[in-house]
Structure formats: C-alpha cells, structure tokens
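Participant: What follows is a predicted structure for the sequence shown.
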Amino acid sequence: RPLISQQREAHQCFTGIRFLYAHKDELHSLSRDIWSNPELAGNEKHAHDRLVRFFSQDQTWTVQSHYKLPTAFKASWGPVSGGVGDPVLNVGFLCEYDALPGIGHACGHNLIAEVGAAAAVGLKAALENQTELPVPVKITVLGTPAEEELGGKIELINAGAFADIDLVFMAHPAQQDASFHPCIIIEEMLVKYYGKASHAAAYPWEGVNALDAAVLAYSNISVLRQQLKPDWRIHGIIKHGGEKPNIIPAYTELEFYLRTPLLKDLCDLKAKAEACFRAAAGATGCQVEITSPTPTYYNILPNATLASLYESNGKALGIHFPEQPTSFCGSTDFGNVSFIVPGIHPFFYICTDALNHTEEYTEAAGAEKAQLYTLRTAKALSMTAVDVVCCPDLLKKVRDDFRLAKLKQK
Ligand SMILES: NCCC[C@H](NC(=O)CCN)C(=O)O
C-alpha cells in the first residue's frame, strides 16, 4: 500500500488508542457496575440499561433499547466518508453481559461488554472526521444477551439483527491470549422421567422410582464416556431428584450438554445418549421425555486474515500469543454468528491463572488488574477494524476466507 495510506492508518489507530486511554476509568466503571450486579441470561436489565446509558450520553450514537429482545440493544454511528450512494461497510461489535447462577461473572462477560463498547468507541474516534476512506463506514454495537443459556445471538440472527452487518468483532476472557480457538458445537438435552409415588417403607413395591431412572441414566452416560472420541464432551446434572426420602420420587429431571467439533458427530453422540436415557426408563418402568430446549450452538469458523491482523496489532501492543494455546473446550452462540458474518472472537488473558466458571475467575473479572489486558484487547480489535476498513484488498481477503471456511464445513 502507498506509504501515505499507511501513515494515515497509523495516525487513525493512534487516535483510537489515545481515546481509549483517556476514557479508561469510565470504561472500567462500566464493566465494574455490570460485575457488581450479576444477572442471569435473559434478565440482564441492569446491564442493558447501563450500556444503553453509556452510548446515549454521546448523541452521535443512535441507540435502540430493547432491540428485538427485552435485554438486547443496538447503538449505531455513521456512516462517515465515502461517496454518496456508495455501499456502506457496517462494522459490528458485540457485547455480552449475562452471569452464571450462584457465582456471578465467573465467565467475565462484564469484560466482554467493556471490550465491545471500548473497541467500538475506539474505532469511532479513529474514523471521526475522516473524509478519504475507500468506502463509507458505519459502526453497529449489538448488546447480545443470554450467551450462557438460551442463545441470545441465535434469536437475534433469526430476528434479522445481523442482516446488514458486514464484519463482526468481540473478545472473550480466558487464561491466555489467542486470536482463534475453535469452540465446539453444543446441544442441550433435557430428560424427564415419570414414575409413580408411594410410601418408600410401607409400600415400596407400589412405586415406580424416577430417581432410580435418573441415577441409571447418569451411570449409563458415564460408561458411554469411555468410548467417546477425545474431543467429544457429555456432562450433566440431576436438576430435580425427588422431594423426600420416604416418598418414592415420581418425577426427576436431568440436564445434559453434548458437545462435538463437527455437526455430523453430534448426531452420533445424540443417538448414543438417547439410547442411555431410554435404557434407564426401560429398566425402571418409568416414562421418559427427551427434549432439546435451546437451539444448537455452532463451532466458530476461523477467519485467517482477521486472525493474522489481530495478532500483528496485538503484538504491537505487547500481547503474547502462545504457540500452542491450551484448549478452551467451551461453546458459544458466536459460532452461529460466524456462519453468517465474517468475524473474529479472540480470547484474552486477564491476569489470573483461575479457570472460567469458578469463584476465583469472578474475582479476577472484577479486579483492577484485568483492565490493562481488557483495554489492550479492545485496542487490538479497533486497530484490526481500522486495517480492514482502510484497505479494500484486506476486506476482500476477509470475505474470501469466510466463504472458504464455510465450504470446508460441508
Ligand atoms: N448453554 C450454553 C453454554 C455455553 C457456555 N459457554 C461458555 O462457557 C463460554 C462462554 N461463556 C459453555 O458451557 O460452553
């Protein structure tokens, strides 16, 4: 690229970084407030209102609260630069903000909200007053609730919220920095056993024990696990196990998560798991009902160009990317987004060795020392967005990677 374009781009990045540095306390207070008021999937009212206020205070953002879902929102800015009538490039940033039952922000979604908001306002600062961008650029921030459960992004996809977005950026706290980690497919299974109550001492022979069915189901799955491929996962809990020791349980409920890297493997795993659940019903004489209450979360599609840009920008900011990042074997509804819009979902270190979904991670996600890493991640995302909006060749490569990654899934 001509030197003049590179210099202009470097200047834009610098402006974005300086803006984020100047607003670091405000950004920390945003995530700290969300962290102090943890809310479960679909109930993130406080976080929603806080983020809506954050964007509304700058009147250049157009903010839609309760956008398509009660606790989702949309904030849009632009378009800026480009010729009148030119197609607009709409750059999306995602904020998650749901917490976990009992342990608060143990997955650091308060920091995801901060990263998404910070990267968006950083990009806006970088692009403001630009008159020579190759295409007009618009920024859209989507508040995407209910990642830990329900699949808020999938509902937003189905409601058309991603239809006009061209690129999508978010980042997730973990144990290490990684520009890409695949995240695997997940399907939930809810299993209900119906038996018959009876006095457990006086007339046990009259009862049909739904807890026995649940225990057998749990054991069947544990035995099955020995024969599964190393990268498949199946794990669950007994959600309802009866009322009282002297009442033979007439009803029990289990919730299981099934995960595989490939969709075709998920079908095999589902069939094996169902056989385990039905066998437990047969052995105990219970009726069984098996459902999948939430939509399937897909694996994340890689985008090699975005990942390599993110790594270069991250390294320039001091981020260390291990050669072989240890695997984070979780799942996310961002996977579904990655199938419809080119995007990136890097992971970032937050100055702790604690593991996600533990109380120690909750502590770390609210700590001051996570801030340097969180804002550095936001800066790397903004810089990556600047690279793509300033260089049509890169945008083309990003789109080519997206098409190729989808083809490889078939
Ligand atoms: N019911 C969906 C669970 C998703 C959950 N996601 C994560 O832990 C990663 C991001 N929060 C999971 O168990 O993988």
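Facilitator: Arrived safely, thanks for sending.
Participant: Which residues of the stretch 251-400 of the chain lie near the ligand?
Facilitator: 330-332 (CB under 6 Å from any ligand atom). From N, CA and C alone the C-beta is placed, and that goes for glycine too.
Participant: So residue 147 sits against residue 40, correct?
Facilitator: No: counting by CB atoms under 8 Å, residue 147 stays clear of residue 40, with 11.2 Å between them.
Participant: Now the common contact residues for those two.
Facilitator: residue 98 (CB atoms under 8 Å, 6 or more residues apart in numbering).
Participant: More neighbours: the two, which one.
Facilitator: Using other CB atoms under 10 Å, the more surrounded residue of residue 147 and residue 40 is residue 147, with 23 against 16.
Participant: Can you name the helix or strand that that one falls in?
Facilitator: Using DSSP states H and E, residue 147 sits in no helix or strand.
Participant: In contact with it, which residues?
Facilitator: Here residue 147 is in contact with 41, 96, 98, 109, 153, 332-334 (CB under 8 Å, 6+ apart).
Participant: Outline the domain layout of the chain.
Facilitator: Listed by the TED database, the domain ranges of the chain are 2-183+299-409, 185-291.
Participant: does the residue of the stretch 201-350 of the chain found nearest the ligand count as helix, strand or coil?
Facilitator: Closest contact between the stretch 201-350 of the chain and the ligand, by CB to the nearest ligand atom, is at residue 330 (3.3 Å). Secondary structure for residue 330, judged by DSSP: H, G, I helix; E, B strand; the rest coil, is coil.
Participant: Could you grab the helix/strand/coil label for the closest residue to residue 366 other than its chain neighbours?
Facilitator: Nearest residue to residue 366, sequence neighbours excluded (CB to CB, 6 or more residues apart in numbering): residue 35, at 4.1 Å. Per three-state DSSP, the local secondary structure of residue 35 is helix.
Participant: how close does residue 35 get to residue 320?
Facilitator: Applying CB to CB, to the nearest Å, the value for residue 35 to residue 320 is 25 Å.
Participant: now residue 70
Facilitator: For residue 70, the distance to residue 320 - CB to CB - is 40 Å.
Participant: Neighbour count: those two, which is higher?
Facilitator: Comparing residue 70 with residue 320 by neighbour count (other CB under 10 Å), the higher total belongs to residue 70, at 13 against 9.
Participant: ok, and the closest non-adjacent residue to that one?
Facilitator: Nearest to residue 70 is residue 42, by CB to CB, 6+ apart, at 7.5 Å.
Participant: thought that neighbour was touching residue 150?
Facilitator: Yes: counting by CB under 8 Å, residue 42 does reach residue 150; the two are 5.6 Å apart.
Participant: got the contact list for the residue nearest to residue 179 when sequence neighbours are not counted?
Facilitator: In this structure, residue 179 finds its nearest non-sequential neighbour in residue 307, 4.0 Å apart by CB to CB, 6+ apart. Going by CB under 8 Å, 6+ apart, residue 307 touches 179-180, 344, 346.
Participant: Which of these scores worst on pLDDT?
Facilitator: Ranked by pLDDT, the contacts of residue 307 bottom out at residue 180, which has 93.
Participant: Report the secondary structure state of that one.
Facilitator: Per three-state DSSP, residue 180 ends up coil.
Participant: Would you mind measuring from it to the ligand?
Facilitator: Note on residue 180: its distance to the ligand, by CB to the nearest ligand atom, to the nearest Å, is 15 Å.
Participant: Test my guess that that residue contacts residue 334.
Facilitator: No: applying CB under 8 Å as the test, residue 180 and residue 334 come out as separate, 11.8 Å apart.
Participant: So for the two, which residues contact both of them?
Facilitator: With CB under 8 Å, 6+ apart, residue 180 and residue 334 have common neighbours 300, 345.
Participant: Settle it for me: which of the two has more neighbours?
Facilitator: Neighbours were counted for residue 180 and for residue 334 using other CB under 10 Å; residue 334 has more, 24 against 20.
Participant: tell me the contacts of the more buried one?
Facilitator: 94, 147, 153, 170, 183, 300, 343, 345.
Participant: Give me the contacts around stretch 317-330.
Facilitator: For stretch 317-330, the external contacting residues (CB under 8 Å, 6+ apart) are 174-179, 181, 183-184, 231, 233, 259, 311, 314-315, 347-348, 356, 376-377, 379-380, 383.
Participant: how far does it stretch from start to finish?
Facilitator: For stretch 317-330, the first-to-last residue distance is 27 Å (CA to CA, to the nearest Å).
Participant: Check the offset of it from the chain's centre.
Facilitator: 17 Å (CA atoms, centre = their mean, to the nearest Å).
Participant: Going by distance to residue 409, which of the contacts of residue 334 wins?
Facilitator: Taking CB to CB as the measure, residue 409 lies nearest residue 300 of those, at 11.3 Å.
Participant: Touching, the closest one and residue 335? I think so.
Facilitator: Yes: here residue 300 reaches residue 335: they are 4.8 Å apart, a contact under CB under 8 Å.
Participant: between the two, what contacts are shared?
Facilitator: residue 183.
Participant: Now do stretch 100-110, average pLDDT.
Facilitator: Rounded mean pLDDT across stretch 100-110 is 98.
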